[in-house]
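Colleague: need coordinates for the below:
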Amino acid sequence: MNIKEISSNSLSFIGDAVYTLRVREHFINEGFQNSKQLQKLCNSYNSAKGQMNVYLALKELAFFNEMEDYIFKRGRNHITHIPKNGDLDSYKIASGLEAIVGYLYLTDKKRLEELFKEIFKVGK
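Modeller: Modelled structure (predicted):
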């Protein structure tokens, strides 16, 4: 698979779905069952601000490799609209993180697992 042939929109699109599912799965596995509590916990990770905070924490730890940095920049740069809720910078960073998740989902499931392990460490 030539990842350069897949649009950044597509990487972010699939990454958003994978990220959302993995966050929900994580909290269900942690034993949370109250839907209101689950929604609040998941939103803290799935919101643009939550994803931005996770990305910045992982970036500070130098977690991402060169290819993941490239994918992030592609995903970040495709955002052109001003979002209704939040700010454009948060959405750009969140979109870049989602692109990384989409890329790893399609190319490297082992690295994807490492990423989510770190996401749940830094997100607490």
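Colleague: switch to C-alpha atoms for all contacts and neighbour counts from now on
Modeller: Will do.
Colleague: next one: the residue of the chain positioned farthest from its centre from residue 19, what distance?
Modeller: No residue in the chain has its C-alpha farther from the mean C-alpha position than residue 34, which lies at 24.1 Å (Cα atoms, centre = their mean). Separation of residue 34 from residue 19 (Cα to Cα, to the nearest Å): 21 Å.
Colleague: can you mark which positions in the longest helix belonging to the chain are buried?
Modeller: In the chain, taking DSSP state H as the definition, the longest helix is helix 8-29. Neighbour-count burial for helix 8-29 flags 8-9, 11-16, 18-20, 23-24, 27 (criterion: 16 or more other Cα atoms under 10 Å).
Colleague: residue ranges with poor pLDDT in this structure?
Modeller: 79-83, 85, 124 (pLDDT under 70).
Colleague: any chance you could map the helices in it?
Modeller: 8-29, 35-46, 48-60, 66-77, 88-107, 109-122.
Colleague: any idea which of the ones you listed is most buried?
Modeller: helix 88-107 (a mean of 24; mean count of other Cα atoms under 10 Å).
Colleague: next, the angle helix 48-60 makes with it.
Modeller: 70 degrees (axes from the mean of the first three to the mean of the last three Cα atoms, to 10 degrees).
Colleague: from the contact counts, what lies against helix 88-107?
Modeller: Counting contacts by 3 or more Cα pairs under 8 Å, 6 or more residues apart in numbering; DSSP states H and E, helix 88-107 packs against helix 8-29, helix 48-60, helix 66-77, helix 109-122.
Colleague: list the contacts of it.
Modeller: 1, 3, 8-16, 18-19, 48-49, 51-52, 55, 68, 71-79, 81-83, 111-112 (Cα atoms under 8 Å, 6 or more residues apart in numbering).
Colleague: equivalent analysis for stretch 117-124, please.
Modeller: With Cα under 8 Å, 6+ apart, stretch 117-124 has contacts from 45, 53, 54, 57, 58.
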